[in-house]
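Participant: Just to be clear, the model below is a prediction. Sequence and coordinates:
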Amino acid sequence: MKNTISQRVADFLKNFPPFNYLEQNDIEVLSEQVSIIYKDKGAVIFTENEETHDSFYVVHKGAVELLKNQKNDILDMCDEGDIFGLRPLIAHENYKMEARTHEETILYAIPIAVFKPYAIKNSNVGSFIIESFASNTHNPYSKSHRGKLYGNAFDDESNADEVIDTDNKILDLQPIKYSKKIITCSRATTAKEIAVTMTKKNIGAMLVVEDMLPIGIITDKDLRNKIVTGEYSINTTADVIMNSPVITYSKKMTITQAQMAMMKSNISHLCLTKDGTANTKAIGILSKHDVMVALGNNPAVLIKALKRVKKAKAIKPIRAKIMQLLQGYLDQNIPITLTSKIITELNDACIKRVIELSLAKMKTPPPVKFSWLALGSQGRSEQLLHTDQDNALIYEDVPEELQEKTNNYFLELSAAVNKGLFEIGYDYCPAEMMASNPKWCLSLNQWKELVHDWISKPGKDEVLLSFIFFDYSLSYGDRDLANQLSDYIFGDIDANPIFYVHLVSGALQSPSPTGFFRQFLVEQDGAHKDFFDIKRRALMPLADAARVLILSHSVKGISNTYERFEKLAELEPQNKELYLSCSYSYKALLKFRTKQGLLHHDSGQFIELESLSKLEKVKLKRTFKTIKELQDVISMRFNPGKIAL
Amino acid sequence: MTIKQKIIESLQILGILEEPIDESLNIPIESARFVVLDTETTGFDYDADRILCIGALVLQNGTINVQDSFEHYIDQEHFDKSSVEIHGIIRRDVLNHKSEIEVLQLFLDYLGDSIIIAHHTKFDVTMINNALERNGLDKLRNKTLDTAVLYKRTLIKSNLLQYKDHYTLDDLADKFDISKKDRHTAIGDAYITAIAFLKIIKKLKEKNPIMLYHLFR
């Protein structure tokens, strides 16, 4: 029976192959037979060697990983619109891989019995299926296959920057782009003309062609080495300075092969021709940059990719690559300070891009200056994994009559940004600490009033808010507004010394990490029963203490916890050793948490003690000793026992 | 009452001993058959207003079969122009309108003894019950759940948070990133409610493992 839901399913399916080849009416009939399945993160859809289900699956929302069980190797990642579990149904064999949800996922299950007639009737559908299988048949499980660059979309020459490969983007979640818009010149073109064109088109290499066939290539390097050095005049013709013959490859090349080819011949651009020889038409140029983007192992490339993004949704695959990068850094044991700097930089760039995109969608530019603040761990530049978003917005003071209008503008902007951040993987803050909440989207003066309230009348909630809020850092917008607020906070705290005492008692309230017998204290109930809460019991006490101490020294501009400790070591030579070991402990704990988070694809807050080695446990416990010493120093200094609550 | 019963009762009042569990509900949530429904009506008056459309889906083990959905329009004499803006159902604009009694019969067959889920369930169930009564049929005896109520249980307890008394289906769709394209069609709202329900269950499970009976507490 045709209904609203089946129409919505059809609307979705018709955007993706092979369904896009079907007649509208056929898609609608097909959609009526679909089952919509909701799966939580990490749910198994089918296992290796399991008997086939009577349906195959299309990812509607979320992502599904296909893996080979023994090694738990992820072979492929299916995104929205991707099909999986079809091949075994057609081949009448059991599932060859395991399918498991990578995140919360909604699937459409399409019965094979309903689909098959269309595959037979419609040759486009049939050949899509055969082709997607064919790309799997060489050796579907080999690693070298994972970067296969070119899919069947290649024949469509109308697109300039072709998005390649939809089936095999195993670890490369981002669509890989290479230049299809080949800029060519003839043998007689002068070096000067070539340089002008290359500059205009912003390309790094130009192909020299004759009768449509590639006869040579000129790159930036050739111009530098041969022309700028004065060896040849700028009116030299292409045939004199070009590299010839051109090293050509076919479009059926993997990333690894492309990399090898570039290394072998020490070149930065590959010419792709129809059959892979220089005797057929050139159809594309693949540069080192394209390969790097495809591999995604370079922060600079990721930043570049971010700048090109036109929709918030397209940032998600880039974030996946950032996580890959993070994993790589941790595997290679790169210092956590450097790692977190790079990752934070990249995360910030993602957030900035989301804000830029949201601003571009607003009908008018912002009426006044504003600053977007990151709060909490993100504000402290310690957020390596995907966690909740905590943010706030300050805008310039406006005359009374413009207040409402201005406020509405920024609330609308914030709502768009919060939604964009959600789309790229930052969950909504369960405590609504987000700029789209009218409580956290205020003018500078309103902010001053609010923080003055917290500082002059500190209760439990006010102290908690100060904890979250006073670690802000600027994500986007006007630095001056944020600085003005910081100055105000420092001045106000100096005028209200009682506030320290409250901050200190707040900082000393975190639960102890170990019990009387120095055993780990684990959670008593809830979903994380028997897990160790590394955030609340180890990281937060250090972060809270660092904040109190740094505020008492009126140091602004350092919101990062281990950098705060390093600064404190400088300011208080008598406690240098303790502070440095705090800084070290914090870094160690952060690394610990990040590793755990990557392992379990979550925030890493809860650690299963049984999964730790003896050595790791010893390391963890050593950091606890430091926490205890630090808390002693603080309670001695500020003596929070004195206040009557 | 025996002494033993008295002790049990007082322990229950003190919250030390849990209330006895309805055994039929002591099953995993995935095993239950739910019917997620929404009605479009001519207005919000239980007596004067009438149902224009019932949309419903069966939800079982996290799966919705599109084919197994219920969407029937009812031909009503009573009509209120002001509600047209919301649901877009103009009188007799859909050819296959059926009579109220016909749709109610179809719906009862469809519903069976499933657990009803809706958003602000009381409204939909009361509208349906009143219609059943008018047509000389028994009221619904099914167990009901309300996503508006269940959603509140997913919120963290915090003094910093301002809680609303009523969370609309739009609020839930925004929070859970569910498309609002088919908002204000009965079956579209039922679908949003179903997905919201699944996400609520997921959230609740993050806190503690739960069985079906936990949802009725």
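Facilitator: Perfect, I can see it now.

Participant: Can you list the neighbours in contact with stretch A:87-96?
Facilitator: A:46-53, A:56, A:85, A:112, A:119, A:129, A:133, A:136, A:140 (Cβ atoms under 8 Å, 6 or more residues apart in numbering or on different chains). Heads up, the C-betas are built off the backbone N, CA and C, glycines and all.

Participant: The residue sitting furthest away from the middle of chain B: what's it in contact with?
Facilitator: In chain B, B:Ile3 marks the outermost C-alpha relative to the chain mean, sitting 40.9 Å out by Cα atoms, centre = their mean. By Cβ under 8 Å, 6+ apart, B:Ile3 lies in contact with nothing.

Participant: Okay, it and A:Asp487: tell me how far apart.
Facilitator: Note on B:Ile3: its distance to A:Asp487, by Cβ to Cβ, to the nearest Å, is 71 Å.

Participant: Then A:Ala238?
Facilitator: Note on A:Ala238: its distance to A:Asp487, by Cβ to Cβ, is 61 Å.

Participant: In terms of neighbours, single out the busier of those two.
Facilitator: A:Ala238 (26 against 12; other Cβ atoms under 10 Å in any protein chain shown).

Participant: mind checking pLDDT for the more buried one?
Facilitator: Listed pLDDT for A:Ala238 reads 91.

Participant: swap in A:Ser142?
Facilitator: 30.

Participant: Also B:Asp80?
Facilitator: 66.

Participant: again with A:Thr105
Facilitator: At A:Thr105, pLDDT is 92.

Participant: which parts of the stretch 301-450 of chain A sit against chain B?
Facilitator: A:422-423, A:428, A:430-433, A:439 (Cβ under 8 Å from any Cβ of the partner chain).

Participant: Can you tell me which of those residues has the most neighbours?
Facilitator: A:Met433 (23 neighbours).

Participant: residues contacting the closest residue in space to that residue that isn't next to it in sequence?
Facilitator: Ranked by Cβ to Cβ, 6 or more residues apart in numbering or on different chains and with sequence neighbours excluded, the top spatial neighbour of A:Met433 is A:Asp390, at 4.6 Å. Applying Cβ under 8 Å, 6+ apart to A:Asp390 gives the contacts A:374-379, A:429, A:433-434, A:468.

Participant: ok so, going back, return the closest of the contacts of stretch A:87-96 with respect to chain B.
Facilitator: Among the contacts of stretch A:87-96, A:His53 lies closest to chain B (Cβ to the nearest Cβ), at 11.8 Å.

Participant: can you count the residues close to the residue in the stretch 501-645 of chain A positioned nearest to chain B?
Facilitator: Residue of the stretch 501-645 of chain A nearest chain B, by Cβ to the nearest Cβ: A:Ala527 (5.3 Å). For A:Ala527, the count of nearby residues is 13 (other Cβ under 10 Å).

Participant: To which secondary structure element is it assigned?
Facilitator: Counting by DSSP states H and E, there is no helix or strand that carries A:Ala527.

Participant: roughly how far apart are it and A:Asp602?
Facilitator: 11 Å.

Participant: same deal with A:Glu401?
Facilitator: Where A:Asp602 is concerned, A:Glu401 sits at a distance of 48 Å (Cβ to Cβ).

Participant: So for these two, which residue has more residues nearby?
Facilitator: In terms of neighbours (other Cβ under 10 Å), A:Asp602 is the more surrounded of A:Glu401 and A:Asp602; the figures are 15 against 7.

Participant: and the more buried one, that's in a helix?
Facilitator: No. Counting by DSSP: H, G, I helix; E, B strand; the rest coil, A:Asp602 is not found in a helix; it is coil.

Participant: Spit out the contact partners of it.
Facilitator: A:Asp602 neighbours (Cβ under 8 Å, 6+ apart): A:Leu385.

Participant: Which entries within the contacts of A:Asp390 meet the buried criterion?
Facilitator: Among the contacts of A:Asp390, those scoring as buried are A:374-379, A:429, A:433-434, A:468 (criterion: 16 or more other Cβ atoms under 10 Å in any protein chain shown).

Participant: Next to chain B, which bits of chain A? Give me the list.
Facilitator: A:1, A:3-6, A:8-9, A:31-40, A:104, A:106, A:109, A:422-423, A:428, A:430-433, A:439, A:460-461, A:464-465, A:525-527.

Participant: Please pick the buried ones from those residues.
Facilitator: By neighbour count, with 16+ other Cβ under 10 Å, these hold A:3-6, A:8-9, A:31-40, A:104, A:106, A:109, A:422-423, A:428, A:431-433, A:464-465 as buried.

Participant: Show me these that map onto strands.
Facilitator: Within those, residues falling in strands by DSSP state E are A:35-39, A:106, A:109.

Participant: Of the contacts of stretch A:87-96 - the most surrounded one?
Facilitator: For these, neighbours tallied by other Cβ under 10 Å; top is A:Gly85, 25 neighbours.

Participant: pLDDT score assigned to A:Ser475?
Facilitator: So, for A:Ser475, pLDDT stands at 89.
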